[in-house]
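**Student:** Turn this into a model:
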Amino acid sequence: MRQLAVLPRGASLPSEAEMISSFGASRGSVREALRILEVQGLITIRPGPGGGPVLVGPQSSSLGRTEALFFHLLQARYTHLLRAQAALEPLMARLAAANPDRDAVRSLEQFTAIGTDEINPFTYPDCASAFHTALIAASGNPALALICQSLCDISRAHISAHGGLHSGPADRRATFDDHAAIASAVLAGSAATAEARMTAHMEVVYSRVLAAGNGLIEEIVDWH
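**Tutor:** All right, here's what the predicted structure looks like:
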């Protein structure tokens with residue numbers, strides 16, 4: 001596992017024969033290890049000549065699949081997920097503002113100005129999601145970032161499956177005004193302001209999902 005951590009995503013792993021020789025393990029043990037890594041979403045197996053195991057790496061979607069199963073068994077509802085996000089994302093904003101690696105925060109510069117693509121109802125969901133993803137990544141804490149992003153993935157998939165929130169132009173513009181204000185605070189290194197603005201923004205997000213109805217918020221977390 002330590003060797004996987006230093007490989008770039010998309011890297012081909014050694015052949016089965018090479019791993020058997022390198023680790024002194026049986027063919028059955030190597031195949032079982034590869035199967036576990038594939039189930040966890042860390043590798044994919046390319047079929048055919050020249051194929052074999054390829055590193056995918058840790059992804060929030062893989063963690064989200066496992067989390068969704070656990071949440072489903074716990075009878076957790078989407079309201080619980082949204083409340084968890086509302087608790088975590090202000091912390092991520094604070095951490096991003098205080099992140100000494102300012103290069104990691106520069107991705108938020110693109111959200112300080114609002115363009116026509118953001119207001120367009122067809123591109124709005126992806127643009128809105130991109131802001132939250134960038135902010136979470138800018139926190140500089142990979143453990144919290146992975147957990148927070150996986151929760152976002154689960155709730156977004158649920159909202160999308162129900163046709164989205166159908167936000168009007170005023171709501172869309174207000175969302176991106178919020179994003180711009182949060183991004184500006186993070187870029188300025190104002191941790192308390194970034195946290196406060198994100199707290200207020202997440203309350204608005206929660207209220208919009210609640211107002212949308214359609215069983216969006218009270219359903220038990222689904223697992224596929």
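**Student:** mind listing the strands for this protein?
**Tutor:** Assignment of strands within the chain using DSSP state E yields the ranges 43-46, 52-55.
**Student:** who are the neighbours in contact with the residue nearest the centre of the chain?
**Tutor:** Ranked by distance to the mean C-alpha position of the chain (C-alpha atoms, centre = their mean), the top residue is Gln149 at 2.5 Å. Listed by C-beta atoms under 8 Å, 6 or more residues apart in numbering, the contact partners of Gln149 are Ser60, Thr133, Ile136, Ala137. Every residue, glycine included, has its C-beta placed from N, CA and C.
**Student:** where's the third one relative to Arg94, distance?
**Tutor:** Spelled out, it's Ile136. Relative to Arg94, Ile136 is positioned 12 Å away (C-beta to C-beta, to the nearest Å).
**Student:** between those two, who's got more neighbours?
**Tutor:** Neighbours were tallied for Ile136 and for Arg94 using other C-beta atoms under 10 Å; the higher tally belongs to Ile136 (25 against 22).
**Student:** wait, isn't the more buried one in contact with Cys152?
**Tutor:** Yes. Here Ile136 reaches Cys152: they are 7.3 Å apart, a contact under C-beta atoms under 8 Å.
**Student:** So which residues of the chain form helices?
**Tutor:** Assigned by DSSP state H, the chain shows helices spanning 2-5, 16-23, 27-39, 60-73, 78-98, 116-119, 124-137, 142-161, 169-187, 191-212.
**Student:** which other helices and strands contact the fifth one?
**Tutor:** Using 3 or more C-beta pairs under 8 Å, 6 or more residues apart in numbering; DSSP states H and E as the contact definition, the elements that helix 78-98 packs against are helix 124-137, helix 142-161, helix 169-187, helix 191-212.
**Student:** residues making contact with stretch 56-64?
**Tutor:** For stretch 56-64, contacts defined as C-beta under 8 Å, 6+ apart pick out 4, 9, 40-44, 146-147, 149-154.
**Student:** List buried residues within these.
**Tutor:** Gly41, Leu42, Ile43, Leu146, Ile147, Gln149, Ser150, Leu151, Cys152, Asp153, Ile154 (16 or more other C-beta atoms under 10 Å).
**Student:** right, so the strands of the chain: which one is the most enclosed?
**Tutor:** Each of the strands of the chain was given a mean neighbour count from mean count of other C-beta atoms under 10 Å, and the largest, a mean of 18, is that of strand 52-55.
**Student:** circling back: can I get the strands of the chain in TSV with distance to Arg173?
**Tutor:** Conversion of the strands of the chain to TSV gives the following (distance: least, C-beta to C-beta, whole Å):
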stretch	distance to Arg173
strand 43-46	41
strand 52-55	41
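**Student:** Could you list the single helix or strand in this protein with the lowest mean pLDDT?
**Tutor:** Lowest by mean pLDDT, DSSP states H and E among the helices and strands of the chain is helix 2-5, with a mean of 62.
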